[in-house]
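Trainee: pasting the structure only:
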């Protein structure tokens with residue numbers, strides 16, 4: 001009996017939150033579409049530019065631009081360096097080097113670090 005009441009209460013609260021947030025969904029979709037349109041057009045990409053992303057609280061990802069030949073297609077050639085900051089700090093190690101492989105990612109992925117779009121690899 002208690003489980004059934006808890007389940008019903010959970011559904012009521014979940015429905016209430018959904019109804020309260022419903023008016024904000026069109027605004028969020030509009031802002032995401034605006035961001036998808038603006039980032040590739042106004043973000044300046046130059047050779048040698050380095051960007052740092054933090055996918056986790058102790059994991060750092062550095063991207064360095066090495067190829068802009070496919071910039072018209074919305075792709076940037078980068079070298080990636082991923083490392084655990086706490087581990088390197090604890091052992092007093094220097095920054096690891098960038099890998100030699102060139103990876104093509106979208107300009108949106110380069111600037112924002114989002115994994116929503118696919119990443120193309122080149123050898």
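Mentor: Yes, it's here. What you are looking at is a predicted structure, and each value in this text was computed from that prediction instead of being measured.

Trainee: got the domain ranges for the protein?
Mentor: Domain assignment of the chain by automatic domain parsing yields the ranges 1-42, 44-123.

Trainee: mean pLDDT and mean neighbour count added to these, as a markdown table?
Mentor: C-betas here are computed from N, CA, C, even on glycine. Output for these, formatted as a markdown table (pLDDT from 0 to 100; neighbours: other CB atoms under 10 Å):
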| stretch | mean pLDDT | mean neighbour count |
| --- | --- | --- |
| domain 1-42 | 79 | 10 |
| domain 44-123 | 81 | 14 |
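
Trainee: for stretch 74-87, the distance to its chain's centre please.
Mentor: Here stretch 74-87 is found 12 Å from its chain centre; the criterion is CA atoms, centre = their mean, to the nearest Å.

Trainee: the strands in this protein, which residues?
Mentor: Taking DSSP state E as the test, the strands found in the chain are 50-53, 59-67, 75-84, 103-106, 120-121.

Trainee: against which helices or strands is the longest one packed?
Mentor: When you say that, I think you mean strand 75-84. strand 59-67, strand 103-106, helix 107-112 (3 or more CB pairs under 8 Å, 6 or more residues apart in numbering; DSSP states H and E).

Trainee: can you list contacts of the longest one?
Mentor: Residues lying outside strand 59-67 but in contact with it, judged by CB atoms under 8 Å, 6 or more residues apart in numbering, are 45-55, 76-85, 98, 102, 104-105, 110, 113.
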